[in-house]
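Peer 1: Sequence plus predicted model, see below.
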Amino acid sequence: MPVSDRVYSNIKKKWGHRTSWAVWADDEMLEGRPSTSNIEDTGLFDKRTNPAILELCNPNFILLGLNCSNKIKLDTFANFHSAKGGDYKLRYALKNSPLWGAYMTDFFKDHSELSGKKALAYYKKNPLKVQENVASLREEIRELEAQSPTIVCLGWGLYETNYIQKNFPELSVKHIPHYAGAPNDAQIYRLSVMKRVIDQLGFEPWNDSMENGWTLSRS
């Protein structure tokens, strides 16, 4: 179900500097391989020039990262759209999948730390800080106005803490591998994400954006 104009605008204004949607500009796929081309293009999120963006964004799925490692305030919806990390692998893995268009955010939004293990160690010693971020995520979910959205944790670390399952028992919580710790081979990462989605969410395989293949459907 697409996002409404009102919800989209509200999320953009209030959370846009730390969030995004699992929608990216097309990869030119130079030399036939997934690349970082156009990965930082956030112009597609301007609904004035691209009104179709509202049809692409799907608040019923929430892709949840651990923390935003960038200290600076990001441009609107620029999170998860960087050429410096492995974001291009996530674009390739999710293209044509049921998670394309999902809302993307981090659990610990303003904790700048490249090491996920260090971030988790900090919050293990500071449970009150965890609850602050639980409250923040709860507010985001409420403002998405989705009916029982599915939370998909990016990576095993956050999922293993049980923070999300414990504090959001009314929601379905799943996980897929994180692109940062994935092999350099984007195809292997895509297949590992696909397996998780099939096993946990009941979807069938989707077609590879680089070649003709399977069709997407719900089993």
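Peer 2: Alright, I've got the coordinates.

Peer 1: So what touches the longest helix belonging to the chain?
Peer 2: If each helix of the chain is counted by residues according to DSSP state H, the longest one is helix 127-144. With contacts defined as Cβ atoms under 8 Å, 6 or more residues apart in numbering, helix 127-144 is touched by 3, 7, 10-11, 14-15, 19, 59, 62, 64, 103, 105, 107-109, 122-123, 149, 163, 167-168, 171. (Each C-beta comes from the backbone N, C-alpha and C, glycine too.)

Peer 1: Next: stretch 83-95.
Peer 2: With Cβ under 8 Å, 6+ apart, stretch 83-95 has contacts from 22, 24, 27, 34-36, 39-40, 80-81, 100, 102, 179-180, 182, 186, 189-190, 193-194, 209-210.

Peer 1: re the thing from before, now the longest helix of the chain: average pLDDT?
Peer 2: For helix 127-144, mean pLDDT is 94.

Peer 1: does C153 count as helix, strand or coil?
Peer 2: What DSSP: H, G, I helix; E, B strand; the rest coil gives for C153 is strand.

Peer 1: do the same with T105
Peer 2: Per three-state DSSP, T105 ends up strand.

Peer 1: Among the contacts of stretch 83-95, which ones are in helices?
Peer 2: Using DSSP H, the contacts of stretch 83-95 in helices are 186, 189-190, 193-194.

Peer 1: what about dumping the CA coordinates of the helix or strand of the chain with the lowest mean pLDDT to CSV?
Peer 2: Within the chain, confidence by mean pLDDT, DSSP states H and E is lowest for helix 116-125 among all helices and strands, at a mean of 78. This file holds the C-alpha atoms of helix 116-125, laid out as CSV (Å, rounded to 0.1, in the frame of the first residue of the first chain):
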residue,chain,number,x,y,z
GLY,A,116,28.3,-2.1,15.5
LYS,A,117,29.8,-4.1,18.3
LYS,A,118,31.0,-0.9,20.1
ALA,A,119,27.6,0.7,19.6
LEU,A,120,25.8,-2.3,21.1
ALA,A,121,28.2,-2.5,24.0
TYR,A,122,27.5,1.2,24.8
TYR,A,123,23.7,0.6,24.9
LYS,A,124,24.1,-2.6,26.9
LYS,A,125,25.6,-0.4,29.7
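
Peer 1: Check which residues of it are buried.
Peer 2: 116, 119-120, 122-123 (16 or more other Cβ atoms under 10 Å).
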